[in-house]
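**Q** missing the sequence, but the structure's below:
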RNA sequence: GGUGCUGUGGCCGAGAGGCUGAAGGCGGCGGUUUGCUAAACCGUUAUACGGUUGAAAAGCCGUAUCGAGGGUUCGAAUCCCUCCGGCACCGCCA
């Protein structure tokens, strides 16, 4: 969320920043400032009227005490005249404020100065100093789902029968491998990087989704949960409204039901639960940086991904991920971003998986990010580097949405904190990477040394 | 889900139509005292918007803000309604 004052003071930088994202920044800024100006003009007018009302009200009290009913009566008449104007003004004020707020809520973060310009992923810029390893020579590489299915430990068919497309059953050693990876990653992040392990809720309220930026703009990417009873009530209320007043203009019944529906959202990433952990709080400088990590399932509707990665475990409705979240003071967030990326890479290094890091260009970055590093792991079966982690510095963007501030040692509230999040790593995709990189000619899969203690000291996964 | 209670500043908490931006306490900041620290004492301590003085720092005046929105009233933290949180008990339940 942007701060209207910041935009007012620095509208050119704001407009240019949005332009770098491919938006018409100048028009957006102009529109916002126009409304903001109208709002403040309105306030000036309204405040004079309110001042007179307050003054007259006091005089009425005094007149009544002095039993001067004539005086009281004439003042009351005057206030009655003001009342209407004030009420209208207050209505206008609310409308304008809501309009500004709604407009701000859907404007993405401004890219950092060192983020490369570009429209899509082709403009992302590799970070050579972060590259690691070389793709292993794998003869006749198979894709992970071929390996997993041949092992009899990855079952998409039964998952489809039970849950539909984009779900999977893992079984036996592969199921254990997922658990092992989660534990392995958590141990490194907590032991080596000082993150605190959390077990957070995976169902959250609207406010949390707003805080990290999934709402209001990206509803269609989310799964929602509600009881049938909750849905029935919402339906009834919406129907009643449509029956009596015909429903609000420009809204379908279905959309209107949404307004009455009390629901939880399933987190698309633990970033939501971990970052909102501190929403609406003022944090002491001494508790920063706050570093949190969690191993959770994540749920994504993948609404816009029809036809993409339809085979295998690359893109699922449900997957598990270890998430890293840092809350810092503004001066530390850039360093923290590098450190977080180090932590994510450390997992791949310990698993000896070749990977590279790219800085996302302005057009490829997510809504809340000011700068993002993607880590891409080599997948021999796909003969390509694929994203396995995304580490973002959101600056004060989420903190402003969540109302999370920090207080310096001198007791003064300094303003919004900075928030960062990164996958450390996507566990499902790490499992894919292990299958494809450690596949053996006989169809078995070697277990990386670092992981063997988590797998009962087994050295390979073979058909049961 | 039902019933009851509840939501006030950085925090705790009083306030039950006008004298309340809000008692008191804690915490913070400044100071006095003091070998040091602590204690004690004194002072101070919300935000936003508008206006105004000022080179600025800052000051002064006004307005709004006591979960959110609406209503009653000349006037609402206080009364009424709706919604959103929280707590307790009951029901159901891993």
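**A** Received it, and whenever you're ready, just let me know what you need. Bear in mind that the values here come from a model prediction, so they are computed numbers and not experimental data.
**Q** going by C-alpha atoms from here, please, whenever you check contacts or count neighbours.
**A** OK.
**Q** which parts of the stretch 1-150 of chain A sit against RNA strand B?
**A** Near RNA strand B, the residues belonging to the stretch 1-150 of chain A are A:5, A:40-41, A:43-44, A:46-48, A:50-58, A:60-61, A:76, A:79-80, A:83, A:90-91, A:94 when assessed by Cα under 7 Å from any atom of the strand.
**Q** which of these count as buried?
**A** A:43, A:46, A:50, A:53, A:56, A:57, A:60, A:76, A:79 (16 or more other Cα atoms under 10 Å).
**Q** please convert those to JSON lines, extending it with pLDDT.
**A** Compiled in JSON lines, these are given as follows (pLDDT from 0 to 100):
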{"residue": "A:43", "pLDDT": "83"}
{"residue": "A:46", "pLDDT": "83"}
{"residue": "A:50", "pLDDT": "83"}
{"residue": "A:53", "pLDDT": "81"}
{"residue": "A:56", "pLDDT": "77"}
{"residue": "A:57", "pLDDT": "75"}
{"residue": "A:60", "pLDDT": "73"}
{"residue": "A:76", "pLDDT": "77"}
{"residue": "A:79", "pLDDT": "76"}
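**Q** which pair in these spans the largest distance?
**A** A:43 and A:60 (25.2 Å; Cα to Cα).
**Q** before we move on, the earlier item: in helices, which of the residues of the stretch 1-150 of chain A next to RNA strand B fall?
**A** Under the assignment DSSP state H, these contribute A:5, A:40-41, A:43-44, A:46-48, A:50-58, A:60-61, A:76, A:79-80, A:83, A:90-91, A:94 to helices.
**Q** helices and strands around the helix or strand of chain A with the lowest mean pLDDT, which ones?
**A** The weakest-scoring helix or strand in chain A, judged by mean pLDDT, DSSP states H and E, is helix A:228-245 (a mean of 76). Under the contact criterion of 3 or more Cα pairs under 8 Å, 6 or more residues apart in numbering; DSSP states H and E, helix A:228-245 touches helix A:253-260.
**Q** now the element after the helix it packs on, going C-ward?
**A** Where DSSP states H and E defines the elements, the next helix or strand beyond helix A:253-260 is strand A:264-266.
**Q** show me what the next helix or strand after that following strand is in contact with.
**A** Downstream of strand A:264-266, the next assigned helix or strand under DSSP H and E is helix A:271-275. Contacts to helix A:271-275, defined as Cα atoms under 8 Å, 6 or more residues apart in numbering, come from residues A:200-202, A:204, A:208-209, A:211-212, A:267, A:292-294, A:323-327, A:419, A:421-422.
**Q** what residues are up against residue A:123?
**A** Applying Cα under 8 Å, 6+ apart to residue A:123 gives the contacts A:116, A:117, A:360, A:361.
**Q** and which of those residues is nearest residue A:166?
**A** Taking the contacts of residue A:123 together and measuring to residue A:166 by Cα to Cα, the closest member is residue A:360, at 26.6 Å.
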